[in-house]
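Colleague: Quick one: sequence and predicted model below, then my questions.
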Amino acid sequence: MSSAHPALAPQDLLDHLDQGRLWKAPLTSDPAFDMATAYQHALAVRQLRIARGEVPRGYKVGFTNRTIWPRYNVFAPIWGTVWDTTLTQCDEEGTLSLACTCQPRLEPEIVFGMKATPAPDATLQQLFEAIDWVAAGFEIVQSHLPDWKFQPADTVADGGLHARLLVGRRVPLRELAGNADALDTLLANAQATLMKSEELVDQGPGSNVLDSPLRALKHFVDTLRACPGAPDLLAGDVVTTGTWTDAWPVAPGERWAVRFTSPLPGIAVSFTG
């Protein structure tokens with residue numbers, strides 16, 4: 001790697017993450033910094049976080065919503081780690097602090113809880129059989145580059161843009177669907193309505209997310225297993241599968257809510273500083 005970009009060091013990435021500080025320059029200003037390099041940096045940061053006592057709790061999958069790809073100049077999904085320090089669980093409504101986040105935005109998503117590691121080369125039905133529960137979630141994403149201007153490899157090294165995850169009421173999978181085809185159809189045809197202080201902000205169908213969140217999960221599992229050194233998905237992990245709408249800027253003092261088409265539960269969040 002080029003020595004002209006000291007911010008490429010994993011410890012520097014973690015310091016900026018902890019302090020909510022912008023990077024001085026895109027990591028991709030070094031032409032050698034490609035997606036493979038970015039994932040290795042992300043995995044190195046993961047090891048630093050584990051070494052200081054943080055516990056991985058699963059994964060976030062980003063940029064699964066094809067409708068927003070041109071807006072962010074990213075044209076394929078990415079993934080990052082969710083931590084015990086970034087994951088909050090609630091029933092219908094929760095509170096999240098935005099302290100030390102960097103240009104935070106909110107994304108309404110569907111979250112899966114895993115009861116088993118999926119089979120090798122898992123089909124949709126085999127993935128279905130590895131899922132324990134489904135919940136509504138709000139992921140708070142962030143960018144350490146000004147105005148959310150980046151190249152795809154920057155976003156991977158930036159922790160997959162993950163800052164916080166609020167997971168709502170867990171619905172046992174079998175209460176929603178009896179097989180993968182039924183779940184796939186239910187999620188693809190569902191609609192999310194995003195509200196800020198009771199005012200409509202955005203709407204989007206589940207089909208925005210790589211045709212359905214279940215298909216986004218399959219893409220993620222295949223991609224994860226193709227990444228050298230990446231840990232596999234485990235029982236107990238959560239996976240948040242990507243936003244159904246655009247990502248919207250948020251600030252302390254705001255309250256947001258999302259309603260999903262029945263029988264999917266909704267969730268609300270209030271932000272503090």
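Modeller: Received, thanks.
Colleague: which residues does the nearest residue to residue 172 once chain neighbours are set aside form a beta bridge with?
Modeller: Closest residue to residue 172 apart from its sequence neighbours, by C-beta to C-beta, 6 or more residues apart in numbering: residue 133 at 5.6 Å. In this view, the C-beta of every residue, glycine as well, is placed from N, C-alpha and C. Beta bridges link residue 133 to residue 113, residue 172, judged by DSSP bridges.
Colleague: Can you list the low-confidence ranges for the chain?
Modeller: For the chain, the stretches flagged by pLDDT under 70 are 1-8.
Colleague: who's in contact with the residue nearest to residue 172?
Modeller: Each residue near residue 133 by C-beta atoms under 8 Å, 6 or more residues apart in numbering is listed here: 112, 113, 170, 171, 172, 173.
Colleague: ranking these by neighbours, who comes first?
Modeller: Within these, residue 112 tops the neighbour count with 29 neighbours, counted by other C-beta atoms under 10 Å.
Colleague: residues contacting it?
Modeller: Contacts for residue 112 (C-beta under 8 Å, 6+ apart) come out as 131, 133, 134, 213, 217, 238, 239, 240, 241.
Colleague: Can you list the residue ranges for helices in the stretch 101-250 of the chain?
Modeller: For the stretch 101-250 of the chain, the helices defined by DSSP state H, counting those that start in this stretch cover 124-130, 152-157, 173-176, 180-189, 213-225.
Colleague: tell me the most buried of those?
Modeller: helix 152-157 (a mean of 24; mean count of other C-beta atoms under 10 Å).
Colleague: Could you list the alpha-carbon positions for that helix in PDB?
Modeller: Provided in PDB are the C-alpha atoms of helix 152-157 (Å, rounded to 0.1, in the frame of the first residue of the first chain):
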ATOM      1  CA  PRO A 152     -17.500   1.500  -3.000                       C
ATOM      2  CA  ALA A 153     -14.200   0.400  -1.500                       C
ATOM      3  CA  ASP A 154     -14.300   3.400   0.900                       C
ATOM      4  CA  THR A 155     -17.700   2.200   2.300                       C
ATOM      5  CA  VAL A 156     -16.400  -1.300   3.000                       C
ATOM      6  CA  ALA A 157     -13.400   0.000   4.900                       C
END
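Colleague: Quick one: closest of the helices of the stretch 101-250 of the chain to residue 38.
Modeller: Closest to residue 38 of the helices of the stretch 101-250 of the chain is helix 152-157 (C-beta to C-beta; 3.7 Å).
Colleague: next one: that closest one to chain centre, how far?
Modeller: Relative to its chain's centre, helix 152-157 lies at 13 Å (C-alpha atoms, centre = their mean, to the nearest Å).
Colleague: How about stretch 197-216?
Modeller: Distance, centroid of stretch 197-216 to centroid of chain: 14 Å (C-alpha atoms, centre = their mean).
Colleague: With respect to residue 144, which of the contacts of residue 133 is nearest?
Modeller: residue 112 (27.5 Å).
Colleague: Residue 91 versus the closest one, what's the distance?
Modeller: 18 Å (C-beta to C-beta, to the nearest Å).
Colleague: same thing with residue 157?
Modeller: For residue 157, the distance to residue 91 - C-beta to C-beta - is 35 Å.
Colleague: for residue 233, what are its contacts?
Modeller: Per C-beta under 8 Å, 6+ apart, neighbours of residue 233: 58, 59, 114, 117, 118, 130, 221, 224, 239.
Colleague: Recalculate using a threshold of 6 Å.
Modeller: 114, 117 (C-beta atoms under 6 Å, 6 or more residues apart in numbering).
Colleague: Could you measure from it over to residue 50?
Modeller: For residue 233, the distance to residue 50 equals 17 Å [C-beta to C-beta].
Colleague: re earlier: how about the contacts of residue 133 in JSON lines, adding distance to residue 79?
Modeller: Converted to JSON lines, the contacts of residue 133 look like this (distance: C-beta to C-beta, whole Å):
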{"residue": "112", "distance to residue 79": "13"}
{"residue": "113", "distance to residue 79": "17"}
{"residue": "170", "distance to residue 79": "22"}
{"residue": "171", "distance to residue 79": "24"}
{"residue": "172", "distance to residue 79": "25"}
{"residue": "173", "distance to residue 79": "22"}
